[in-house]
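Visitor: Structure, please.
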Amino acid sequence: MKQAYLWIAGIVSTAAVAGGSIAVMQSPPAQLPQPDPVALSPSTSTEAPVKNNSASSDNTPAETSPNPPQPDPKLSDFPHRRLELSDEVSAGSEFDQFRDRLQKAIKDRDADFIRALIPPEGLFYGFGGPLAIADMELGDADSWFWQELEKMMALDSCEPSDYPAVEAGNQTWVCPNTTQAFYRQYPPPAEAEGIEYEFEIIMVMGKNVNVRAAPNTNSPVVGILTNELVTFDQPTATRLYQQSADQRPGALKGWTPVVLPNDVQGYVHNRYTYAPLSPRGVFENVSGQWQIVRVLAGD
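Guide: Numbers count the residues shown, from 1 in each chain. You can find the predicted model right below:
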């Protein structure tokens, strides 16, 4: 359970409640080799997730060329647990238009747009109290909160939420709906205790995502994954997290260690990995103004 509690801290985000106030943990520079930075927002880029709720493989020259080679079938020759995502937002609807504006604001690091979405009392995040705008560090384009937003809105996969509305009769929306899809398609077994089941799983969302032998893009590819569940390598993850906070599953940067169904160990870049308890935004139109009314995490 010690490892589980360590990873709750990472998945619930870098915002933590301490002594009744919000303490923000700044991620130190990564100590491991990192790939070239890639924008994680819907666009026409070959590296970014697109409208079909999938992403391309990690950023290596061959994979981003106009005619990338086909993956070796042997690298995906094992049982697969696919995760199907759906987007329940109607094209052209009010929320669809808002989501497009939000995704552009995240890409452009439009701090004023984001500030306008935060409730006056602050943003309730995970199990914590309200998170003040100042603690989001929106002036830093690489801050933890920008990274959380970027990953949260990378997949066009939202659905109506059962989270209570601020204004009676309003519909709330949750993005992404990876957690909801996970519980519908892979409910916890009857013998599962607490959140141990959730901590055994990593959802890799993308098409032909590389699993690397080491946490860098120069290492050999040991597996290929497409929108599916794999086992989370908790012991290795704990060691990585102790070296750099960028290595937690909820981070945009860094790598997530996994174990494939054929018992091969490897690493998937964090921009393609989601944990069942990863942060999800809840959105509502409050008095004519869209707001991020809460971030669900660690539940």
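Visitor: Would you map the helices across the stretch 1-150 of the chain?
Guide: Counting by DSSP state H, counting those that start in this stretch, the stretch 1-150 of the chain has helices at residues 2-11, 94-108, 111-115, 144-152.
Visitor: so T238 is in which element?
Guide: Assigned by DSSP states H and E, T238 falls within helix 234-243.
Visitor: Could you name the helices and strands sitting against that helix?
Guide: Helices and strands touching helix 234-243, by 3 or more Cβ pairs under 8 Å, 6 or more residues apart in numbering; DSSP states H and E, are helix 2-11, strand 255-259. In short, each C-beta sits where N, CA and C put it, glycine included.
Visitor: Least confident of the ones you listed, on average?
Guide: Per-stretch averages of pLDDT across the helices and strands packed on helix 234-243 put helix 2-11 at the bottom, with a mean of 42.
Visitor: Off-centre distance for stretch 280-296?
Guide: Mean C-alpha position of stretch 280-296 versus that of the full chain (Cα atoms, centre = their mean, to the nearest Å) differs by 18 Å.
Visitor: pLDDT averaged over it, what's the number?
Guide: Mean predicted confidence for stretch 280-296 is 95.
Visitor: just stretch 100-113 next, same as before
Guide: The model assigns stretch 100-113 a mean pLDDT of 98.
Visitor: cool, stretch 166-182 as well?
Guide: Mean per-residue pLDDT for stretch 166-182: 95.
Visitor: end to end, how far does it reach?
Guide: 27 Å (Cα to Cα, to the nearest Å).
Visitor: before we move on, what about stretch 164-176?
Guide: From its first residue to its last, stretch 164-176 covers 18 Å (Cα to Cα).
Visitor: neighbouring contacts of that stretch?
Guide: Outside stretch 164-176, the residues that touch it by Cβ atoms under 8 Å, 6 or more residues apart in numbering are 85, 89, 95, 99, 119, 152-155, 157-163, 180, 274, 280-287, 291, 293, 296.
Visitor: Next, report how far it is displaced from the centre of its chain.
Guide: Distance, stretch centre to chain centre, for stretch 164-176: 21 Å (Cα atoms, centre = their mean).
Visitor: residues of that stretch that come out buried?
Guide: 165, 172-176 (16 or more other Cβ atoms under 10 Å).
Visitor: swap in stretch 180-193?
Guide: Neighbour-count burial for stretch 180-193, counted by 16+ other Cβ under 10 Å, picks out 180-182.
Visitor: sorry, back to before: out of the buried residues of stretch 164-176, which sit inside strands?
Guide: The members of the buried residues of stretch 164-176 that map onto strands under DSSP state E are 172-175.
Visitor: I'd like the residues you listed as CSV, with distance to D142 appended.
Guide: Shown next, in CSV, are these (distance: Cβ to Cβ, whole Å):
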residue, distance to D142
T172, 29
W173, 27
V174, 26
C175, 22
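Visitor: which one of the helices of the stretch 1-150 of the chain is the most hemmed in?
Guide: Highest mean neighbour count of the helices of the stretch 1-150 of the chain: helix 144-152, a mean of 22 (counted as mean count of other Cβ atoms under 10 Å).
Visitor: Noted, bye for now.
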